[in-house]
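A.B. asks: Model the structure of this input:
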Amino acid sequence: MKIAAFCLFVLSSIGWINYSDAADPVRVPGCAEYIESGQWVYRFNEWTLELKPTVCGRGIGADETAYMFYEIAKKFSGDQYWVNTRGMINQLTCHLQIARTKPEWNLDPWRPYVGNADSVAAGCNVVTPKPQPPFE
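C.D. replies: Numbers count the residues shown, from 1 in each chain. You can find the predicted model right below:
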């Protein structure tokens, strides 16, 4: 739940979430729900988070990506398979750019974070991490 708390902190600090009551944050814009369903599935010898976005979630702009990720983190980050949050965000933004019409979106915690351009070039399915710069 630490991931969800962090997302909530970030969203509130930039004004994307208003607090009418400390226990019940209220989202400013967006969908009632971004994710229709989701589950962890084991495929290709790895765990993946298989998500089915709502119609509204598929149509969001870049300004609502953080809301969608907050919902995903709130629902799934407490699971033992949730790792590599940065890579998961990277894959989500990639799906919103090039794969929003796919029936399900698979966010793979084992895929490396490589940045948006490389992720899009790999069809959101990066396998090889970027090499580390040499130590000088």
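A.B. asks: Can you give the contact residues for the helix ranked longest in the chain?
C.D. replies: Counting residues, the longest helix found in the chain (DSSP state H) is helix 85-98. For helix 85-98, the external contacting residues (Cβ atoms under 8 Å, 6 or more residues apart in numbering) are 3, 49, 60, 62, 65, 68-69, 72-73, 77, 82, 102, 105, 107-109, 111-116, 119-120, 123-124. C-beta coordinates here come from the backbone N, C-alpha and C atoms, glycine included.
A.B. asks: Run the chain-centre distance for that helix.
C.D. replies: 6 Å (Cα atoms, centre = their mean, to the nearest Å).
A.B. asks: Okay, buried residues for it please.
C.D. replies: 85, 87, 88, 89, 90, 91, 92, 93, 94, 95, 96 (16 or more other Cβ atoms under 10 Å).
A.B. asks: Verify the contact between residue 128 and residue 118 for me.
C.D. replies: No. Residue 128 is beyond contact range of residue 118, at 9.4 Å (criterion: Cβ atoms under 8 Å).
A.B. asks: Compare neighbour counts for the two and give me the winner.
C.D. replies: residue 118 (16 against 10; other Cβ atoms under 10 Å).
A.B. asks: Tell me the pLDDT of the more buried one.
C.D. replies: pLDDT for residue 118: 94.
A.B. asks: ok, the closest residue to it other than its chain neighbours - how many residues close by?
C.D. replies: Excluding the flanking residues, the one nearest residue 118 by Cβ to Cβ, 6 or more residues apart in numbering is residue 126, at 6.3 Å. By the criterion of other Cβ under 10 Å, residue 126 has 22 neighbours.
A.B. asks: Assign residue 126 to helix, strand or coil.
C.D. replies: With DSSP: H, G, I helix; E, B strand; the rest coil as the basis, residue 126 sits in coil.
A.B. asks: What's the per-residue pLDDT of it here?
C.D. replies: 93.
A.B. asks: likewise the one 5 residues further on?
C.D. replies: Predicted confidence (pLDDT) for residue 131: 78.
A.B. asks: Residue 75 reaches residue 37, doesn't it?
C.D. replies: No. Contact criterion Cβ under 8 Å: residue 75 and residue 37 do not qualify, at 9.8 Å.
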